[in-house]
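>>> Just to be clear, the model below is a prediction. Sequence and coordinates:
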Protein chains: 4
Amino acid sequence: MSDLVRFGVSLEKSLLDRFDRFIREQNYTNRSEAFRDMIRQELIKKEWVEGDDVAGAITLIYDHHRKDLLNKITDIQHNFQKLIISTQHIHLDHHNCLEIIAVRGNPSEVQKLMGLMKVIKGVKHGTLSMSSTGKEIE
Amino acid sequence: MSDLVRFGVSLEKSLLDRFDRFIREQNYTNRSEAFRDMIRQELIKKEWVEGDDVAGAITLIYDHHRKDLLNKITDIQHNFQKLIISTQHIHLDHHNCLEIIAVRGNPSEVQKLMGLMKVIKGVKHGTLSMSSTGKEIE
Amino acid sequence: MSDLVRFGVSLEKSLLDRFDRFIREQNYTNRSEAFRDMIRQELIKKEWVEGDDVAGAITLIYDHHRKDLLNKITDIQHNFQKLIISTQHIHLDHHNCLEIIAVRGNPSEVQKLMGLMKVIKGVKHGTLSMSSTGKEIE
Amino acid sequence: MSDLVRFGVSLEKSLLDRFDRFIREQNYTNRSEAFRDMIRQELIKKEWVEGDDVAGAITLIYDHHRKDLLNKITDIQHNFQKLIISTQHIHLDHHNCLEIIAVRGNPSEVQKLMGLMKVIKGVKHGTLSMSSTGKEIE
């Protein structure tokens, strides 16, 4: 963590009052903490467009009974093994699995991996949480 | 516009450097101006969930040759005339029209109006710009 | 409008029942109409990434009393006059204006125009409705 | 998995050609598979608004050296233990951790849990992947 720098910000009183109400509702400890989060949110958006080392999670829902589904998912994951850190697998019911794949690497490679798994027959839904390695937001 | 209040914010030096680069790329005049925009963005999201007087724009693309389309759009707009401030109509080509409807009022009423027009046969696309009357973000 | 083509789609009965309930709630006339809208939504996303002729609306909220604001907005709009079809201006109250700018042209040019106006002092909020010229979605 | 039902859909030839190009680019096996995904996407959006049993993943980036952070995160997770299925923890570097929490339960409870963890000092970013138990999308 780098050194703290203190600087002044000027806001209209009415806007600041509204902001203070907002950060109380969100349970932020103080204004600086809320600003930090808003800044990081913007920086992470930028990382996914311009950066080359991001982290995140791919979440899949699939029916593991579908023929060849597990083979196909495993094959694709092996082709992208450099991106995949680890996988968490949850049996939701007799048919449905929730698989959460922690990923790290180039943002367009991560999106390609996601795209390939999402269209496998039996995969019902796929989402990608775009997060960060933490390095570019501290 | 209410009085300006000046207060201090503490940020990690490395995060502040990244933020300064970001606001330069975005062409912001200074940090306070960037913070203002980020705060307003959050307040406007809140207005559309909890508020009762928002403003915005509904954008439609439609084929005006479709039977009854103009009658249906006009009928619906009359049922919501309290919400509609004015309309801008552009002939994109022989078939396609771009219609932009400036709206103001209760957010769920605005979304209902949008939903009803979007599903009319011949309406190819509808979007809703969620903005503000300006009162709650100053 | 081009000729209609009819083709078969296979869906799980339970998924189709849920979809039929969804399109009734949304007031769609029939399944084909709902599919059309979902397809167009995807094609328009693609147009804004890969295309070169899109249409849409930029919505601004600003305080017209802010020094130089009107000059700056007008200057920028003149620099992008090829993109701007027409403008709708609404006086929300004594201070606040809602300005809706109908635009057409290259998607990255449209986003650049939006970015430049959004950061002008006194502009409180800007949104961009990403729509289409209609040509690529029929 | 329920029985397959086959039904007819009518689309303009030019729109269908564009859709076929889109699904080839996305690597879908056939049109039905692409329609299934678009339908499920809408149904999952609905589940998160109206439903009472959803699944998903909360992704956090945090600096584990921050005083009390681990205690706070653990305390909150225990208060919501009924929602939390399992947790995956990755050491990104000396400071930064990626924690992915698989969740299942009421959508507003899940969002509350996410909101409470996101504002802890030292948590740099939080995202929520809104997915499904799979039951309502088959």
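That came in fine, so what should we check first?

>>> quick one: low-confidence parts of chain A?
A:1 (pLDDT under 70).

>>> quick check: domain ranges of it?
A:13-50, A:54-137 (automatic domain parsing).

>>> So for chain B, which of these sits nearest?
With CB to the nearest CB, the closest approach to chain B among the domains of chain A belongs to domain A:13-50: 4.1 Å. All C-beta atoms are positioned from the backbone trio N, CA, C, and that covers glycine.

>>> And that closest one, end to end?
36 Å (CA to CA, to the nearest Å).

>>> before we move on, the earlier item: can I get the domains of chain A in a markdown table with distance to chain D?
Listed next are the domains of chain A as a markdown table, based on distance: least, CB to the nearest CB, whole Å:
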| stretch | distance to chain D |
| --- | --- |
| domain A:13-50 | 5 |
| domain A:54-137 | 3 |
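
>>> out of those domains, which comes closest to residue D:17?
Among the domains of chain A, domain A:54-137 comes nearest to residue D:17, with 19.7 Å by CB to CB.

>>> The closest one and chain C in contact?
No: with CB under 8 Å from any CB of the partner chain as the criterion, chain C is not reached by domain A:54-137; the gap is at least 9.3 Å.

>>> circling back to that earlier point, of the domains of chain A, which stretch is the most buried?
domain A:54-137 (a mean of 18; mean count of other CB atoms under 10 Å in any protein chain shown).

>>> Run the chain-centre distance for that domain.
12 Å (CA atoms, centre = their mean, to the nearest Å).

>>> Could you check the angle the longest helix seen in chain A makes with helix B:31-50?
Secondary structure of chain A read by DSSP state H shows that its longest helix is helix A:31-50. Helix A:31-50 and helix B:31-50 are oriented at 90 degrees to each other (axes from the mean of the first three to the mean of the last three CA atoms, to 10 degrees).

>>> Name the next helix or strand downstream of helix A:31-50, please.
Using DSSP states H and E, the helix or strand that follows helix A:31-50 in sequence is strand A:54-63.

>>> Does that next one reach chain B?
No: Strand A:54-63 does not reach chain B (CB under 8 Å from any CB); its nearest approach is 14.9 Å.

>>> For the residue lying closest to residue A:116 once chain neighbours are set aside, list the residues it contacts.
Distances taken as CB to CB, 6 or more residues apart in numbering or on different chains put residue A:76 closest to residue A:116, at 5.2 Å, once the chain neighbours are dropped. The contact partners of residue A:76, by CB atoms under 8 Å, 6 or more residues apart in numbering or on different chains, come to A:113, A:116, A:117, A:120.

>>> now residue A:104
A:53, A:54, A:55, A:56, A:83, A:85, A:133, D:92, D:98.

>>> What count of nearby residues applies to residue A:6?
By the measure other CB atoms under 10 Å in any protein chain shown, the count of residues near residue A:6 is 10.

>>> Assumed it was part of a helix.
No: looking at residue A:6 with DSSP: H, G, I helix; E, B strand; the rest coil, it is strand, so not inside a helix.

>>> from memory it sits against residue B:12, does it?
No: look at residue A:6 against residue B:12 with CB atoms under 8 Å: they stay out of range, at 11.2 Å.
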